[in-house]
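*Asks:* okay, sequence plus prediction incoming.
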Amino acid sequence: MSNALAIAAVTSTMRFLLENSIQADPALTGTLITTKPPDKARGTNTGRQLNLFLYQPQTNAAFRNSEIPHRATQGEAGMPPLALNLFYLATAYGEEQRADEEVMSHHLLGRAMSTFHDHPLLGTEEIRNALPDNDLHQQIERVRITSQPMTLDEISKLWSAFQTPYRLSSFYQVAVVLIESTRQLRAPLPVLTRGRDDRGVISQPSLIPPYPAIDQLTLPARQNAVRLGETVLISGHHLDGENVRVRLTNRQLPEPRILAPEPGMTSTEVTVVLPDQPADWIADVYLLAIVVLRPDEAADRITNELPLLVAPQITAIAPNPAIRDAAGNVTLTLTCIPQIRPDQRASLLLGDREIRANAHPAQTDRLDFNITGATPGDYFLRLRVDGIDSLLIDKSTTVPVFDPSQKVTIT
């Protein structure tokens, strides 16, 4: 692992390699080695020069989410290091006053490319000596230099960004550089026991999980919603215990409703009846779960939750038949359960029309609907509360039929 000096250590080490290699070539003695941007590299210099420029640091995908070995043990959580690939541009310049300037620059570039080709790995001592106080040499992964192929289009875009005339150059990728995160390691205490009485992992010869869970809800008469006073059959596994309760939660109710199951429950089936308490329940979507206390456990287990729709029910229609006034309007009053709360949206579906209920500032079981331009005839009604309709279709028969008690006659 290395500190924030890692990038500078790589650049310094590569520059150190180039300086040693070029000094060994008598024809290149006196060459200036720089690490400036290409548009500023030349400056006022007219002699031989080799410029090494870091033009892009890029995140290394392979190490992006990987912990460094031996830094964190099992169960501990630490931040992965900042893993980088560094991309360099090596550009050579000859002596401007000489006629063979380009030949000299090609000689210089060839020397640089040969140096990196023969030195694909940065050595530990080379990195240590290149820059004081850096610790890049201590990281587990070796730092490798590889040639980076570039298309003509990529080269053109790169030099256009530099806003300077193109010079023959070579491109390199240096990887991987791991910069240690400054965030602290999270190390919880070791585990004392595994399971009850340290008995370890328990296996069972079955694909069914060993904890209680609900698979499906079966509603009366194959309906998609249930009404107050009706029975719901809950199917699942491991539902038996010393204390079994059915829990229904709703976003509009401050506390969940806890119901006791009916007698005769088994480990795979639990039956519960929604109490006929219109003032305490609302027509809405509930989340149903079963709370189970197993004989050998001290804490409750809670199953997964399944949605349960509690539908409104029209108990009376008045007047019926309804007589229109001179303008062809009529007012219907519906009595329903459960009671409608002030913040609930209620509407009447009459034929193909939807009529909003009159204002109901208090909790009530009576709703008034003003129907304008009513056409005489027989109409089946549906009460819609917060998007849930009353059950108009009777599916208990062989052929489904409309519930005749939900019909009004307008004359």
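*Replies:* Structure's in. What do you need?
*Asks:* C-alpha only now, for contacts and for neighbours.
*Replies:* Fine.
*Asks:* and Thr364, how far from Asp343?
*Replies:* Distance, Thr364 to Asp343, using CA to CA, to the nearest Å: 12 Å.
*Asks:* more crowded one of the two?
*Replies:* Thr364 (17 against 12; other CA atoms under 10 Å).
*Asks:* so what pLDDT did the more buried one get?
*Replies:* With respect to pLDDT, Thr364 has a value of 96.
*Asks:* was I right about it contacting Arg341?
*Replies:* Yes. Thr364 is within contact range of Arg341, at 6.7 Å (criterion: CA atoms under 8 Å).
*Asks:* for the nearest residue to Leu288 once chain neighbours are set aside, name its beta-bridge partners.
*Replies:* Excluding the flanking residues, the one nearest Leu288 by CA to CA, 6 or more residues apart in numbering is Leu248, at 4.6 Å. Listed by DSSP bridges, the beta-bridge partners for Leu248 are Arg257, Leu288.
*Asks:* distance of Leu248 relative to Leu185?
*Replies:* For Leu248 relative to Leu185 (CA to CA), the value is 41 Å.
*Asks:* who has more neighbours, the two?
*Replies:* When Leu248 and Leu185 are compared for neighbours, Leu248 comes out ahead with 21 against 13, by other CA under 10 Å.
*Asks:* okay, the more buried one: pLDDT?
*Replies:* The predicted local confidence for Leu248 is 97.
*Asks:* ok, now Leu381?
*Replies:* Looking at Leu381, the pLDDT reads 94.
*Asks:* with Glu102 instead?
*Replies:* 87.
*Asks:* do Met1 as well
*Replies:* pLDDT at Met1 comes out at 58.
*Asks:* do a quick rundown of the strands in the stretch 151-300 of the chain.
*Replies:* Assigned by DSSP state E, counting those that start in this stretch, the strands in the stretch 151-300 of the chain fall at 169-179, 213-218, 231-237, 243-249, 257-259, 269-273, 284-293.
*Asks:* for the second one, list every residue counted as buried.
*Replies:* It refers to strand 213-218. 213-214, 217-218 (16 or more other CA atoms under 10 Å).
*Asks:* which of those residues sits closest to Ile393?
*Replies:* Thr218 (17.1 Å; CA to CA).
*Asks:* contacting residues around stretch 118-138?
*Replies:* Identification of contacts with stretch 118-138 by CA atoms under 8 Å, 6 or more residues apart in numbering yields 1-3, 5-6, 8-10, 12-13, 16, 142-146, 177-178.
*Asks:* okay, and which of these map to helices?
*Replies:* 6, 8-10, 12-13, 16 (DSSP state H).
*Asks:* how about the contacts made by Gly30?
*Replies:* So Gly30 contacts 23, 48 (CA under 8 Å, 6+ apart).
*Asks:* same check on Ala62?
*Replies:* Counting by CA under 8 Å, 6+ apart, there are no residues that Ala62 touches.
*Asks:* and for Trp281?
*Replies:* By CA under 8 Å, 6+ apart, the contact list for Trp281 reads 338-339.
*Asks:* so where's the stretch 151-300 of the chain shaky on pLDDT?
*Replies:* For the stretch 151-300 of the chain, no stretch is flagged by pLDDT under 70.
*Asks:* give the contact list for Leu86.
*Replies:* By CA under 8 Å, 6+ apart, the neighbours of Leu86 are 7, 54, 56-58, 173-177.
*Asks:* go ahead and flag the most central residue of this structure.
*Replies:* By CA atoms, centre = their mean, the chain has its centre lying nearest to Asn65, at 16.4 Å.
*Asks:* wait, that one touches Leu82, no?
*Replies:* No. Between Asn65 and Leu82 there is no contact under CA under 8 Å: 9.3 Å.
*Asks:* if I look at Glu126, how far off is Ala175?
*Replies:* Glu126 is 16 Å from Ala175, by CA to CA.
*Asks:* so for the two, which sits in the more crowded spot?
*Replies:* Each of Glu126 and Ala175 has its neighbours counted (other CA under 10 Å); Ala175 has more, 21 against 17.
*Asks:* give me the beta-bridge partners of the more buried one?
*Replies:* Arg144.
*Asks:* surely it touches Tyr88?
*Replies:* No. Judged on CA under 8 Å, Ala175 makes no contact with Tyr88 at a distance of 11.2 Å.
*Asks:* residue ranges of the helices in the chain, please?
*Replies:* Going by DSSP H, the chain shows helices at 6-23, 38-41, 101-118, 124-130, 152-162.
*Asks:* in the shortest one, which residues are buried?
*Replies:* Of all the residues in helix 38-41, those buried under the rule 16+ other CA under 10 Å are 38, 41.
*Asks:* contacts for it, please.
*Replies:* With CA under 8 Å, 6+ apart, helix 38-41 has contacts from 34-35, 51, 53, 162-164.
*Asks:* what about 10 Å?
*Replies:* Helix 38-41 is touched from outside by 33-35, 49-53, 55, 89-91, 93, 159, 161-167, with contacts defined as CA atoms under 10 Å, 6 or more residues apart in numbering.
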